[in-house]
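Engineer: Got a predicted structure plus its sequence, pasted below:
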Amino acid sequence: MLRFGAEYSPKRTYSIARRYIDTRYNIDVAVRDEQISTAMVHILLCLAQEDCHGYGIMQRSAERLGPGTLYGALKRMLTSGWVEESGAVDEADSRRRFYRIAPKGRDALAAELGRMRAIVDHPVARKITCGLGVLEA
């Protein structure tokens, strides 16, 4: 049986690792602590281009989002302040609500894209993707 000393604590080890990653990749701790899903990334990418209503986001998203996923994520992002309603009105359908990305949402998107870039730029990831012909050496 493997025993750890009194100084070992999984929670302490995790916090040391998080602190290292945060400083290494310049991740804002406040942004990092809020969970961001893949659906949220796609929604924020769509809204970074232009204000849009929910159905428009579903059509423009690279990942085909269902209405449950989309509106659940929008609701979470509205409460966290990442997205806000723009107040624009569609002449064809006045029931549509338009959304825009908030400054806090831009920060969250930038942090997540930075995290993804760090993963892709990792030497092991580059070696694997070069071997698959995805990236050049």
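Structural biologist: Perfect, thanks for sending it.
Engineer: where does residue 40 land on pLDDT?
Structural biologist: Listed pLDDT for residue 40 reads 93.
Engineer: That one reaches residue 75, doesn't it?
Structural biologist: No - Residue 40 lies out of contact with residue 75 (CB atoms under 8 Å); the separation is 11.2 Å. (Each C-beta comes from the backbone N, C-alpha and C, glycine too.)
Engineer: Now residue 99. Nearest residue, chain neighbours left out?
Structural biologist: residue 83 (5.1 Å; CB to CB, 6 or more residues apart in numbering).
Engineer: picking up where we left off before, which of residue 40 and residue 75 has more residues huddled nearby?
Structural biologist: residue 40 (23 against 11; other CB atoms under 10 Å).
Engineer: Helices along this structure, start to end?
Structural biologist: Ranges of helices in the chain, per DSSP state H, are 10-24, 29-32, 38-49, 54-60, 67-80, 103-120, 123-131.
Engineer: can you put these in TSV and add distance to residue 96?
Structural biologist: Converted to TSV, those look like this (distance: least, CB to CB, whole Å):
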stretch	distance to residue 96
helix 10-24	39
helix 29-32	29
helix 38-49	15
helix 54-60	7
helix 67-80	13
helix 103-120	20
helix 123-131	40
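Engineer: So which of those helices is the most surrounded?
Structural biologist: Mean neighbours per residue, mean count of other CB atoms under 10 Å, is largest over these for helix 38-49, with a mean of 20.
Engineer: Just name the shakiest helix or strand of this protein by mean pLDDT.
Structural biologist: The weakest-scoring helix or strand in the chain, judged by mean pLDDT, DSSP states H and E, is helix 29-32 (a mean of 50).
Engineer: I'd say the residue nearest to residue 99 and residue 77 touch.
Structural biologist: Yes - the pair residue 83 and residue 77 qualifies as a contact (CB under 8 Å) at a distance of 4.2 Å.
Engineer: Find the residues that touch each one of those two.
Structural biologist: Common contact partners of residue 83 and residue 77 (CB atoms under 8 Å, 6 or more residues apart in numbering): 43-44, 105.
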